[in-house]
Structure formats: structure tokens, C-alpha cells
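Asker: Turn this into a structure:
(chains A, B and C)
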Amino acid sequence: MRAALTIARRDLAGLFLTPFGIGASAGFVAVSGVALVIDLRGNQARLDGWFGPLFFLVGLLVALLTMRAFADEERAGTLELLLTAPVRPAEVVAGKLIGSAASALAIIACTAVCPWLVTTMAQPDGGPIVTGYVGLVLAVVAFSAVGLAVSAATGSPLVAAAGTAAVLLGAWSVGLLAASLTGLPKVLCEQIAPGTHVVGFLRGTLSLDDVVYFLGMAAAGVVATGLVLRSRR
Amino acid sequence: MRRVIVAVVALVVLLGANVVAYRNDRQIDLSAGSRFTLSPETRSLAKAVRSELKVTAFASPKGGVATDARFLLSRYHQVNRRITFSVVDPDAHPTQAARLGITQYATVVATYQGRRVDAADVDELEISTAILRLLRGKTRNACFVTGHGEPSLDDTSPDGMSQLAAALRHNAYEPRAVDLTKGDVPADCAFVAVAGPTDPLVQREVDAINGYASRAGRVFVMATPASNADPNPLLAPWGVRFAGGLVIDPDRSQNLDFDNVIAESFPSANPVTRGVSRLQLPAGGGLLVDAPKDRPGLTVSRLAESSARAFVETRPDIETTFDALDIPGPVLLATASDDSHVEQQATGEKIVRSRVIAVGDAAWATNRYLGNLSNARFLLNAVNWLAEEEQLVATTSRPANDRPLPLTPERQRRVLIVSVGVVPSLIVAAGVAGLSLRRRRRGRGA
Amino acid sequence: MTGVAVRLEGLTRRFGGTTAVDGVSFDVRPGEVLGLLGPNGAGKTTTMRMLTGYLRPTAGRAVVGDVVVAADPVTAKASIGYMPESSPLPTDLSVFGFLKYMARLHRVPRAKLAAAAGKAIGQAGLADVRDRRIGDLSKGYRQRVALAQALVHEPAVLVLDEPTAGLDPRQVKETRDLIARLGRSRTILLSSHLLSEVTQLCRRVVVLDQGMVRAFSEVAALTSGGESLEEAYLRLFR
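Answerer: The predicted structure follows:
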């Protein structure tokens, strides 16, 4: 576990002391501010219209962060140093996951200014804000795990970022497909899409179905990352 | 090979976990008033739907009302897949709205077996009521005796009972006034209510009600202390006596108004007090149980009692301290009488069941007090018990979710300045400072 | 240890249809500096990557001490210090910070991290760039940083892949001197495509060509019959 934390700490520090990390953080908060203005056009002190786009944007953020985890290191050659150190594969994956997710969460933490702004102007329901952030944490972990698997599969950071974004966008768009279906295919499409599982968090509920979905996605990503790392060596 | 097995096993476990979670969904609801968690009553109601029930909610997509509606209705669908729903933007689909006669936002139309029931709002109470009415097939009449100074069901002032009427409508009862000076209790009354008369009922009315009650009738008596109306002719056959006077409770009352009694003791296991934690019964009179010995089928439940230090002041117009003339506590504040007996009829034996609820007060059900504590819950429990629909107790209403925040240009500017300007600038400044600090430290070190 | 520090037994690696390393077997004795000689593309790097656990062999096995690398990679890796080819390093860290990070990855106890990094800095002659960003260092210094990270956990076996590639003659000499010094206390497997480098540093040499072992002998035995080093090299890689 110590090795995992070492890797995570290195990735976290490595991000926030680079122009890329600083730019990504500032940019994400700025975009969240614009999203808040759009949300408040409903003239209601509620944040579900803000959290919704955030869940989507977080996928793109994670795609940018996870490309560094393996693909960028492989391109730079430093992955060889990491993988020849006496560190178990599970520790490598855990460390990279913690590092990527913690980076994204640190950036997301800066967006807390938006709910705070709303509370200075009105009394929004606190429950959905809490569950919204809980959902974001789960989504970040799940999306990061998926991003790691893509990142581990390629030596090109650009391909990794685009690949992760494509996989996540694909999952979201499966939900759009559900609208034109009926019966079991509709249910399947809905259950696959992250959008279906985000709705509850936006409304203030934590449901087992949604939590299991994101934890399952995280687990699948972790297993896939391990398998990809192994099969490519 | 091993990798393939790992991948397949992982996939199967993942899918299995998701299917199990989907089928046995549980949720924690942190929204205000837990408004996305269906009450047990609604769940059992939804489960009782036997064929396709379609709910169409008309809601504006602005401000999240439509998404809330979709989410809430999906909870019904989860409980019973026969309940399907759609949320329609009346502006985007004006013809559909016009066809169903929708003129206002947030109107719900529910259809079931060719019948239609509307609900005024997309919240659980309204939707469940609509489903209840659909399942029942008809709306039942709640018959109110009028003409004796009773608070009016149309009166929206604090002393009126318009909220009581609204609560009944939400629970699939249509309140209607009945005149018993000329005829009997109509056969389609689910129950008869004598709610706070200040003038006495004429003998003809008393006879009509008593006759109705004894023929498996249902009567709700809310007495009025300090008035000319005497409810005892209506209560005596059911083992209850109205002692009149004024209940004084120094221990449990609103502030220092000792006659504004808060009841916290509900000794019976009667379903009428299920979910009732406290009742506010202002300026009420006391009740006594006086059950005749020769009526084995009659049981009287002590629904609500005052504290032990309370008493019934028999001369409230003169003094309000306990003396020899007063009745010591705990004072009985509400009762439920249930009289069942077997009657031989031409078609064979039949159980005849009469039910009477008595409350020594009527003010608790007026607009001023009905929303306080558990008063509304008590009212609906009582009505449903009378009508023998206690399994369909309505959900208590939840706080409104309207939290207006007009987005003025000033507010928009503030949001943009802070979230797009100040905070990102701070992040960049902190980052640049951190980077240059490190550079400088290195420069010195080299 | 049982007379050998490192043993390769029929090590084979295929990438798709091509065989990069084909049945390579040799051993390295404790305290020995063994040269792995071959032209570019001979399979030196692939062989070393299998030895260090970065790549898994298609067939055969690598043993470090008593530990089979594929069976217990963590233990095997712990006793190896590896300097990969072209010394890839993170550019954003300082020399000291990077060495501490590598020490932590190699499970050096927390209390000894700074001391371990400091010692490696001393051994590799990096004291004057200790706090510089690695990205700002010259190629020669970076090579030394790469060597220092291989030393930071004081491994019994050093695996150095082309340690002098891309250096100017003075840096080459400094690096060779350093390796020679390290070789007195450690087992070293060193790869190079330069015969001269191998003959300077090693007593024994494994000659690899097209993934196969062409020769495994004393350096002196390579140049048989009075031929020059260049003639021997050309003869080996005809």
C-alpha cells in the first residue's frame, strides 16, 4: 500500500506543479461557473442543472488526467522504471487510480464555490448538493479506472485521452439510444448509460443501483487495466 | 488463457452485481422532506395496480420541475412496471396538452382501465391520490351536516375548514353538505360528519344520524364546548359521553395557554393514531367512556388523552383552577367506537359494523390548526378508519420545493466574477507562485 | 547464493511472428562484471527487460539469486538495480526528489530515504546538481542520475543497458570509471554494442546476435589467433 501511495503522491504533485495541471484546474472551475449561470436561468435555487453538466465534463477532465498515468509515462520511457521496481501490479494500478482520481477531486473541490455562491443568494436544498458531490466522487473514480485501462493500452497520450473520451461519450450516448427503444433493450441501454445513474444523485438520493453501477465500472476498469498491463508486457 | 478467464469472471460478477442491485434497489433520500422516497402507503397502493396505468405529467422543462417529475414517476414505475409515465412539455407539444385540456403547468393526468383522474401537482400526495381514486373506481362522498353554525368547508379564513375539504379531496373523498331535516342520510355517504356545530341539531336530524349509524353507519363527531350544541344524543348509543367544560392541561399545552392542549398520549392500538405523534386540541371539552354492559360487540378505544395533571374545568366562565366540581385527569380527548353484531337477514347472517369517532373539540380541524403537529394525519386516519380504508392512509404532505432565485443581472455578474474570474485567477496565481518558488529554490541549490 | 548471481535458462521472447530473443542461456557470477555484446537489434534490451521483470518471457526463465523472476517478481526486482537504455527520467523532479521517490518505490524505510538518496548522489558524482530539475541537466548528468536511481536501494545486481550511449568521450570515460568502481562490490550485467567498452570493463562476455548467443567466453578468448578487436567483432557479426 505504501508503494501505491508513493505513486499516487508523485502523480498528484506532478500535476499541480505543471502548467497543464494549473490550466486544467482553472479552466474547469471557470467552465463550472458558466454552467452555474446557465443553471440559474431556471430562476430556482437548485443545483441539479449544474451538477448534470459537471458529471459530463468530469469525464473529459478525467480523460486528460489519466492519459498521463500510463501512456505519457510509456512515451517518456519512465514506465519502465516504475514497472521494474519491486512493486506489485495491483499497487501500480491502485497508485495510478488514487493519483488520477485525487487529482480530479482536487480540481472538483474548487467548484464548491458555485454551491456556496447559491447559498449566499437563497436557500437551496442541501441534500442534493451533498449527494451531487458524492456522485461526482463515485463518477471520478469509475471514469478514472476506465481511463487508466485505455491509457495502459497505448503509448500515445493523445490516443489515450481521445480513447477515454470516446469510450465515455459512447456510454453516455447509449442512453440517448434508449429513448427510441422499448422493453428489455431499452432497460439495458438505460442501465449501461451513466446518465441514468446520475439522475438520483442530482435529486438528493443515494440509491444502491447507482452506487453499484459506478463501483462496478471502477472495478471493471481496474481489472481491465491490470489485464492490459500484463498482456502488453 | 488465464487472462480470458479473469476477464470473463470479472464481467459476469459485474453484470450480476448490477442486476441484483437493479432488482433490489434501496435508497437513502437526502432531499428536503425525502420527497423522492415513496411512503409505504404509496408503495402498497402502486403494487395494487393490476393493469396498465398511464401517468402523463405536463411540466415545463425550465427549473428542473420536469426532471423531478420524471424521477419521482420512475419510482412508481420501479415499484410496479404496469405504471408507465411520460413527462410532456406543454409548450413543445401544445396539441397533446390541448387534447387533454391542460391549461396549467404541472398538471398530471392519470388513466387506468379507460378512466381518467387528474392531479394538480407532480408530488407524491397528488399522484398517489389520483391512483387511489382510479383503483377505487369512484370518489366517495364525505357528508357534512350543516346549518348549525359549523365552520364552512369553503371558508379559507383561519376559522374555516377549507383545508379539511382539500385534504379529503386529495384522498378521494368529495365533501358535500347534507340536509337531514328533510330526509335520511343518503346511501352514498362514506360517513357523516358533525363538525363543530354551535346550535343544537333538531330531533329529526339526531334520529336520522342515529338510525343511519345503527345500520352500519359511520359518524364523525367533533363537539363544540361552550355552545348550545349537545353531541351527547349522538354519542350515548356508542358508549361515549361528552362532559363539556374546558380541558385545562398545565403540563402539556401551547406556551402558557393551558386550554390549548397538546395531546401526547395515545393509549389505544387503534389505527387512527398510527403515525400520530402529537395533536393540538385547543379549547376542547372532555369525553368520558360510558359503555353499557349489555353490548358485547361494542368497543371504545381511548384515542387521545391529556396529561395526568390536566382536568376538565366545569365552570370555565367563572374560574380555571381545579376544584371539587371539576373532573380530574388524565382527560379523554378523542374516542373511537366500533360496534359489530351479527344480523339475521334473508340472505343469511351478516356482520353489521358501526363506527363512531368523537373528538371533544372542532377547532383542531380548522385551517388555523389542521396543519399543526399530526392533526392532518389524525384527520385522514380517522376518515379512512371510518370508511374502512385504513390501508390507504394518505401520505402526509411534504414541504414545498419552490425555492425562487430570480437571476438578476447583478447576481449573474456576481456568479461570473467569482466563479469564472476570481477563483480561477487564484488557482493560476497559486500555481505560478508555487512553480517559481521551486525554480528559485533549485536555482540557489545549483 | 549458489555460485551464480544471475542465471538465464533458454530465455525466449516472441513479439507476434518475430523472435527477438531465442533461447538465451548464460550466468553471471557474484561480483563479476559481465558484458552483453551485440549490434543494435541483437536482443540485448529485450533480454535485460525479461531479466528485470519488465517483459515476460515466452519461454525459459531468468533467475536472480535463488528467485525465479516470473514466479516472484517483487523479490527478484528488489535485488536488481536497473538502468534502462537511453535513461528515461521524469523531467519535472529534482535529482534529490527523484532519487527519494525511487528509494521509496524500492521499499527503503522512510527514515533512511534521504540517506539512501544522498549516498547514491555521492556515488554517482551528482552532489553539485542535487537540487536541480532533471529536465535542466545535460545528457551526461542525466545518465548519472539514471545510474544513481539504479543504486539507490543498494541492490546486489546492477543491470545497465548501454550506460555510455550518447555521451561525449570525457563523459564516457567518467561513466566507465564509475562502473569499474561499482564492479568491485557488485554483480553487474552490462550491455553495449562497443567491443572496446566490454573489453575494458569485463572479463567475460556474452555475444548476442539476432536474438541468439553467438559466444559466451573470456574476453581474451574472443581475440584468438592474433587478430585485432575490430577483426574479431566483424567476424562475430558477419
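
Asker: per-domain residue ranges of chain C.
Answerer: Domain assignment for chain C by automatic domain parsing gives C:1-79+C:156-238, C:89-155.

Asker: Could you confirm whether the longest one reaches chain A?
Answerer: Okay, so that is domain C:1-79+C:156-238. Yes - using CB under 8 Å from any CB of the partner chain, we find that domain C:1-79+C:156-238 touches chain A at C:Arg49, C:Thr52, C:Gly53, C:Tyr54, C:Leu55, C:Arg56, C:Pro73, C:Val74, C:Thr75, C:Lys77, C:Ala78. Quick note: C-beta positions are derived from backbone N, CA and C, even for glycine.

Asker: Write the PyMOL selection for whichever of the residues you listed are buried.
Answerer: To isolate the buried ones among the residues of domain C:1-79+C:156-238 next to chain A in PyMOL, judged by 16 or more other CB atoms under 10 Å in any protein chain shown, type:
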select buried, chain C and resi 49+52+53+54+55+73+74+77+78
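
Asker: out of the residues of domain C:1-79+C:156-238 next to chain A, which touch chain B?
Answerer: Counting by CB under 8 Å from any CB, no member of these is near chain B.

Asker: Could you list which of the residues of domain C:1-79+C:156-238 next to chain A belong to helices?
Answerer: Counted as lying in helices by DSSP state H, out of the residues of domain C:1-79+C:156-238 next to chain A, are C:Arg49, C:Pro73, C:Val74, C:Thr75, C:Lys77, C:Ala78.

Asker: how about the residues of domain C:1-79+C:156-238 next to chain A in JSON lines, adding pLDDT?
Answerer: Output for the residues of domain C:1-79+C:156-238 next to chain A, formatted as JSON lines (pLDDT from 0 to 100):
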{"residue": "C:Arg49", "pLDDT": "95"}
{"residue": "C:Thr52", "pLDDT": "94"}
{"residue": "C:Gly53", "pLDDT": "93"}
{"residue": "C:Tyr54", "pLDDT": "93"}
{"residue": "C:Leu55", "pLDDT": "93"}
{"residue": "C:Arg56", "pLDDT": "92"}
{"residue": "C:Pro73", "pLDDT": "93"}
{"residue": "C:Val74", "pLDDT": "93"}
{"residue": "C:Thr75", "pLDDT": "93"}
{"residue": "C:Lys77", "pLDDT": "94"}
{"residue": "C:Ala78", "pLDDT": "93"}
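
Asker: on that earlier part again, now the two most distant members of the ones in helices among the residues of domain C:1-79+C:156-238 next to chain A.
Answerer: C:Arg49 and C:Thr75 (18.0 Å; CB to CB).

Asker: check contacts around residue 202.
Answerer: Since you didn't name a chain, this refers to chain A. Applying CB atoms under 8 Å, 6 or more residues apart in numbering or on different chains, we find A:Leu202 in contact with A:Asp48, A:Phe51, A:Gly52, A:Pro128, A:Thr131, A:Gly132, A:Gly135, B:Thr67.

Asker: That was the other one, I meant chain C.
Answerer: C:Cys202 neighbours (CB under 8 Å, 6+ apart): C:Val33, C:Leu34, C:Gly35, C:Leu190, C:Val219.

Asker: and the two most separated of the residues you listed?
Answerer: So, those by CB to CB: farthest apart are C:Leu190 and C:Val219, at 12.3 Å.

Asker: out of those two, which sits in the more crowded spot?
Answerer: Neighbour count, other CB atoms under 10 Å in any protein chain shown: between C:Leu190 and C:Val219, C:Leu190 has more, with 27 against 19.

Asker: how about that one, secondary structure?
Answerer: When classified by DSSP: H, G, I helix; E, B strand; the rest coil, C:Leu190 comes out as strand.

Asker: ditto for B:Tyr212
Answerer: From three-state DSSP, the assignment for B:Tyr212 is helix.

Asker: Now do the SS call for A:Leu206.
Answerer: strand.

Asker: what number of residues lie near the residue lying closest to it once chain neighbours are set aside?
Answerer: Once flanking residues are discounted, A:Leu206 sits nearest to B:Ile28: 4.4 Å by CB to CB, 6 or more residues apart in numbering or on different chains. The burial count assigned to B:Ile28 is 16, neighbours taken as other CB under 10 Å.

Asker: Scan chain C for its longest helix.
Answerer: Under DSSP H, chain C gives helix C:169-183 as its longest helix.

Asker: buried stuff in the longest strand anywhere in chain B?
Answerer: Using DSSP state E to define each element, chain B has its longest strand at strand B:332-345. For strand B:332-345, burial by neighbour count (16+ other CB under 10 Å) applies to B:Leu332, B:Leu333, B:Ala334, B:Thr335, B:Ala336, B:Ser337, B:Asp338, B:Asp339.

Asker: and after that strand, which helix or strand comes next?
Answerer: strand B:348-359 (DSSP states H and E).

Asker: packing partners for the longest strand of chain B?
Answerer: strand B:257-263, strand B:279-282, strand B:286-289, strand B:298-305, strand B:348-359 (3 or more CB pairs under 8 Å, 6 or more residues apart in numbering or on different chains; DSSP states H and E).

Asker: Serialize the ones you listed to TSV and add fields for mean neighbour count.
Answerer: Below are the helices and strands packed on strand B:332-345 laid out as TSV (neighbours: other CB atoms under 10 Å in any protein chain shown):
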stretch	mean neighbour count
strand B:257-263	21
strand B:279-282	25
strand B:286-289	22
strand B:298-305	22
strand B:348-359	18
